[in-house]
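Asker: could you work out the structure for the sequence below:
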Amino acid sequence: MIQEILDSKQKHRRKKADEPLEKKLEAMDKLREGSIKASYRVNKESTEETTQAKDIRFPGRSTSSGIDYEVRLATCFAVKMLSGKSSSVFEGISGDQITSIQMQTKDPVDDVVLNLEDDNSRIFISAKLRSQSLNPNANLSSEFGQIILSFVEQYLAIEHTGSQKCRLVLALPLSAGKSVAQDLPRALNAHRNNTNTESIEGFLSNRPKKEKKALSNLIAAAKASWKKVQGSEANEEDFRSFLRIVYVEQWNLEDHEQDWRNILGDIRTHIAECPEDSLAIRDSLVSKFQDADTKGYKLSAQSIREHLLQIPHRLKAPPDYASEINKLKHITQTNLERIKAHVSLHFGKVPAESVIIERDEELEALCNAIKAQHLLLTGEPGCGKTGLLCKLANQLHRNGTTVIVLLAEALEGVDMNGSANVVGLDHPLPEILANWSPAGILITDALDALRDGEQQSKVRKLLEDITTGNSDWTVLASVR
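Answerer: Model prediction:
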């Protein structure tokens, strides 16, 4: 009897193994859906309270599994942003071009919004995790029709603020079905790359049957949405412009799926100081975006790095700025070696003939003051400003504070904004500091050593750019 049962199970497993991929995915969706329902029954009371609270803040929220998909998607974009220009986000867009990520905005397409470095450039993402296939359907009452309606509303809202720099993205897994996850993006990409002047109908007539059907349904839904929102039909030029910024991107983010596992590789390569911290860093990002998804706030690369460092996680320097950060560290060590002689009064050529000037009270006062605000240290020539700054830099460093020491006479470069800059840096100093976490203290000594009036003006502008810019660095400058 036992052998018969085992043979029957083995026969059933062979049968399932031979089934096509679509049937396997459908079976997985049913199992997942059953698991979600069981979890809901067990935690019904707390789940209802959480859902109601979220619905008050953000009407029309998706299911808990859908929210988890949005959070994981935002986490992927955060890793890409932290990984910099070496990491591709979408075609033609790398991680360094993302300035911030926001979830649940007030926009028609609001699941995830990526703000880009170009003015008015944003990527609006509708994230859809499906337990069943999402078929392209022209009916506006269908889920697909509602997605396209929100895309049209978003396009019309941004049309006069540079819509061609924006993208409307439908992000979904392969389990949503081949029609929407494969056929539709192929058709949209072909339309985007089409340089012929033929009409939309002419373009559709030359597409494979499945692509034609998927895109035709999107077009029908978009035209119906346009008429509903505008009260009139779209002209050919406007409609083609709309289609060119619509993208469908496949993101498979279950624990066992490749896209979610690849994020760990990006963290190991570009973000984590120690590879074994990669999983913990990913989990911390998920937790942060769960909170952002509830509260709707914006996260930049700097704010995310600061959050990770506070946990604390050990992070590499940002990839696009790592070499320049190391250069500034080396310059600081060189400058401290140069100015350490000012700590003592020298009465001969040997150390025994030098007297160290103790300034404990002044040092304590300066340490306390620099924690609260930017400072300008003044005093007569030879009164000991440089020696005090050298002591301060060393003490701050011993306390774990990041310190950069620059001599004003070495700020001979000029950045793209017309401010002074350190020679050999590719990026402006304020930009490097804005991408350097945790924020520290920048010390510049002997501003009065600059004799050229134009260079003095550029250095003052540099310090102003730092104190009023996006970094949280504190500036301490000295002048006679």
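
Asker: so where's the protein uncertain?
Answerer: Regions of the chain meeting the criterion pLDDT under 70 cover residues 1-64, 66, 160-164, 344-355.

Asker: walk me through the domains of it.
Answerer: Here the domain assignment for the chain is 1-42, 61-310, 322-479, based on automatic domain parsing.

Asker: buried set for stretch 361-377?
Answerer: Neighbour counts using 16 or more other C-beta atoms under 10 Å place 366, 370, 374, 375, 377 of stretch 361-377 among the buried residues. Placement of C-beta: from N, CA and C, glycine included.

Asker: which residue is the nearest non-sequential neighbour of the first one?
Answerer: Same thing as residue 366. Excluding its sequence neighbours, the residue lying closest to residue 366 (C-beta to C-beta, 6 or more residues apart in numbering) is residue 392, at 5.5 Å.

Asker: try the third one
Answerer: Nearest residue to residue 374 in three dimensions, chain neighbours excluded: residue 475, at 4.7 Å (C-beta to C-beta, 6+ apart).

Asker: mind checking how far the spatially closest residue to residue 408 that is not a sequence neighbour is from residue 457?
Answerer: Leaving aside its sequence neighbours, residue 408 sits nearest to residue 447 (C-beta to C-beta, 6+ apart; 4.8 Å). Spatial separation of residue 447 from residue 457 under the definition C-beta to C-beta, to the nearest Å is 12 Å.

Asker: hang on, residue 261 in a strand?
Answerer: No. Membership of residue 261 in a strand is not supported by DSSP: H, G, I helix; E, B strand; the rest coil, which gives helix.

Asker: show me what contacts residue 435?
Answerer: 301, 302, 318, 320, 321 (C-beta atoms under 8 Å, 6 or more residues apart in numbering).

Asker: ok so, going back, who has more neighbours, residue 447 and residue 457?
Answerer: Each of residue 447 and residue 457 has its neighbours counted (other C-beta atoms under 10 Å); residue 447 has more, 19 against 14.

Asker: how close does that one sit to residue 472?
Answerer: If you go by C-beta to C-beta, the gap between residue 447 and residue 472 works out to 22 Å.

Asker: can you redo the buried residues of stretch 361-377 as a markdown table with secondary structure and distance to residue 465?
Answerer: Formatted as a markdown table, the entries for those read as follows, by DSSP: H, G, I helix; E, B strand; the rest coil; distance: C-beta to C-beta, whole Å:
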| residue | secondary structure | distance to residue 465 |
| --- | --- | --- |
| 366 | helix | 24 |
| 370 | helix | 19 |
| 374 | coil | 13 |
| 375 | strand | 17 |
| 377 | strand | 20 |
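
Asker: from these, which is closest to residue 425?
Answerer: Each of the buried residues of stretch 361-377 was scored against residue 425 by C-beta to C-beta, and residue 374 proved nearest at 21.6 Å.

Asker: which of the contacts of residue 435 sit farthest apart?
Answerer: The most widely separated members of the contacts of residue 435, counting by C-beta to C-beta, are 302 and 320 (12.9 Å).

Asker: helices of the stretch 201-350 of the chain, start to end?
Answerer: With DSSP state H, counting those that start in this stretch as the criterion, the stretch 201-350 of the chain has helices at 209-230, 236-244, 258-266, 278-295, 301-310, 322-339.

Asker: list of residues touching the particular helix or strand that has residue 126 in it?
Answerer: Counting by DSSP states H and E, the element that carries residue 126 is strand 122-127. Counting contacts by C-beta under 8 Å, 6+ apart, the residues outside strand 122-127 that touch it are 66, 69-70, 73, 90, 93, 107-116, 147, 150-151, 154, 158, 166-172.
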